[in-house]
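K.L.:
Predicted model, plus sequence, below.
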Amino acid sequence: MKQVKYTQELLLALQDKHISIIAFQAGIYSPIFFMQLFDLMKSQYQIDIKLIDMQSGDFAYKSQLATSFLGLECVYWLGDITVLKAKQKDDVIDYLAHYQGPHKVIVFIDEKIKIDSNQSLIKINYQDKYFYQDTKNLWVHQDSKQSTKISFFLHEIYKIKNNFTLDELCLLKKYQDVIAGNAQEFYTSWVMRLVNPETSLFTLSQLLFEKKEAAFFKLWLIIKPLYADMFWIAFWSDQLYKAYFFIAFTQEENFAAVKQVSYGLPFSFMKQSYKQYQLDEIQRFHQAFYTIDTALKNGGHSYQIDQVYVDFFAGSFKN
């Protein structure tokens, strides 16, 4: 893993003789990030980080942190303490807030935990979601060749999703570091197998309802192989069922019912693009997937799913 900016923040904190507690804070815990970070600390900086398993229920950690053998300073990792029971968590937070050595302690806390920075405690915050501009400064560019490679990497992955978690970025970067050249297959196939494609499913639905044909088929060819044909039948049947009743209930001004059926529909559809549809068009589109479902169960071919998209964009389901 190439250095992320948090590596330098951690190193500076570990070198500061006044700092005893380094608390990483975010909305979600990122185990892949921490695993790679600590591996880097050991391999590149010869800093061995010792684990204290807080989840084991053994709260003898205080004696470990209070005792130094021959005056040696150690670095301890307490992990994600947000999973502890409330009373245990409060006890740990109170202890850390007043801890001043002799060791260095690294811990993860979520955004709900209130603990103030002081002379001996520093907080390092990372984001739950990283958009393109956020990620541009995430990796330290060591030379122009590496900078170019990282730029290409970011350009390609953000074609697929508009945001990633820190764990997803670290995982993808780890794979990208070991593949040769541009490795276009990695971006067109493997990226979507390594990260959560929920956002892309949402985007695919949005592009379909907005009738952005070229963008839709570009994304469709990327994520189609990730799911079985029957998944796509179920996915689109659900989307079209909700879209039908969203339009129907909106026309009736039954807004309580609108709210009930709107979950999972693209925001742009609910805000604007639903207005371009008649109920019978949505009904025929839904019926087409029902027909494909029957055909596939009787030996039909998956190309029928592609054909129904072509028919939709061609306006075949309109009156």
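P.N.:
Structure received. Residues are numbered from 1 along each chain as shown.
K.L.:
Point me to the residue sitting farthest from the middle of this structure.
P.N.:
Computed with Cα atoms, centre = their mean, the residue of the chain farthest from its C-alpha average is residue 70, at 44.1 Å.
K.L.:
and it, which of the three is it?
P.N.:
Three-state assignment for residue 70 (DSSP: H, G, I helix; E, B strand; the rest coil): helix.
K.L.:
From residue 102, how far off is it?
P.N.:
Distance of residue 70 to residue 102, computed by Cβ to Cβ, to the nearest Å: 11 Å. All C-beta spots, glycine's among them, are computed from the backbone N, C-alpha and C.
K.L.:
For the residue farthest from the centre of the chain, give its distance to residue 135.
P.N.:
According to Cβ to Cβ, residue 70 stands 44 Å off from residue 135.
K.L.:
before we move on, what about residue 166?
P.N.:
From residue 166 across to residue 135, the span is 9 Å (Cβ to Cβ).
K.L.:
what about those two, which has more around it?
P.N.:
Using other Cβ atoms under 10 Å as the criterion, residue 166 and residue 135 rank with residue 166 on top: 24 against 21.
K.L.:
Tell me if I'm right that that one and residue 33 touch.
P.N.:
Yes: here residue 166 reaches residue 33: they are 4.9 Å apart, a contact under Cβ atoms under 8 Å.
K.L.:
shared neighbours, those two?
P.N.:
residue 126 (Cβ atoms under 8 Å, 6 or more residues apart in numbering).
K.L.:
what residue ranges in the stretch 1-150 of the chain score low on pLDDT?
P.N.:
In the predicted model, the stretch 1-150 of the chain carries pLDDT under 70 at residues 1-3, 55-59, 140-144.
K.L.:
which residues in it form helices?
P.N.:
Counting by DSSP state H, counting those that start in this stretch, the segments of the stretch 1-150 of the chain that form helices are 5-15, 31-45, 61-66, 86-97, 132-136, 144-157.
K.L.:
Show me which residues of the last one are buried.
P.N.:
Within helix 144-157, the residues that qualify as buried are 149, 150, 153, 154, 156, 157, counting by 16 or more other Cβ atoms under 10 Å.
K.L.:
got a list of what residue 76 touches?
P.N.:
Contacts for residue 76 were tallied using Cβ under 8 Å, 6+ apart; they are 49, 50, 51, 52, 64, 65, 103, 104, 105, 106.
K.L.:
Who are the contact partners of the residue nearest the centre of the chain?
P.N.:
By Cα atoms, centre = their mean, the chain has its centre lying nearest to residue 165, at 3.5 Å. By Cβ under 8 Å, 6+ apart, the contact list for residue 165 reads 28, 30, 128, 129, 130.
K.L.:
what about it, distance to residue 149?
P.N.:
Remark: distance between residue 165 and residue 149 (Cβ to Cβ) = 22 Å.
K.L.:
same deal with residue 85?
P.N.:
45 Å.
K.L.:
Give the burial count for residue 303, as a bare number.
P.N.:
Neighbour count of residue 303, defined by other Cβ under 10 Å: 8.
K.L.:
again, but for residue 139
P.N.:
Neighbour tally, residue 139, other Cβ under 10 Å: 21.
K.L.:
Could you do residue 171 as well?
P.N.:
19.
K.L.:
does it really touch residue 32, like I thought?
P.N.:
Yes: with contact defined as Cβ under 8 Å, residue 171 reaches residue 32; the gap is 5.5 Å.
K.L.:
hey, what's in contact with both of these two?
P.N.:
By Cβ under 8 Å, 6+ apart, no residue touches both residue 171 and residue 32.
K.L.:
where in the stretch 201-319 of the chain is pLDDT low?
P.N.:
Within the stretch 201-319 of the chain, no range satisfies pLDDT under 70.
K.L.:
Strands of that one, start to end?
P.N.:
In the stretch 201-319 of the chain, no strands are found when defined by DSSP state E, counting those that start in this stretch.
K.L.:
Could I get the full set of helices for it?
P.N.:
213-223, 229-251, 255-261, 267-271, 279-296, 303-313.
K.L.:
Buried residues, the third one. List them.
P.N.:
I take that to be helix 255-261. For helix 255-261, burial by neighbour count (16+ other Cβ under 10 Å) applies to 258, 261.
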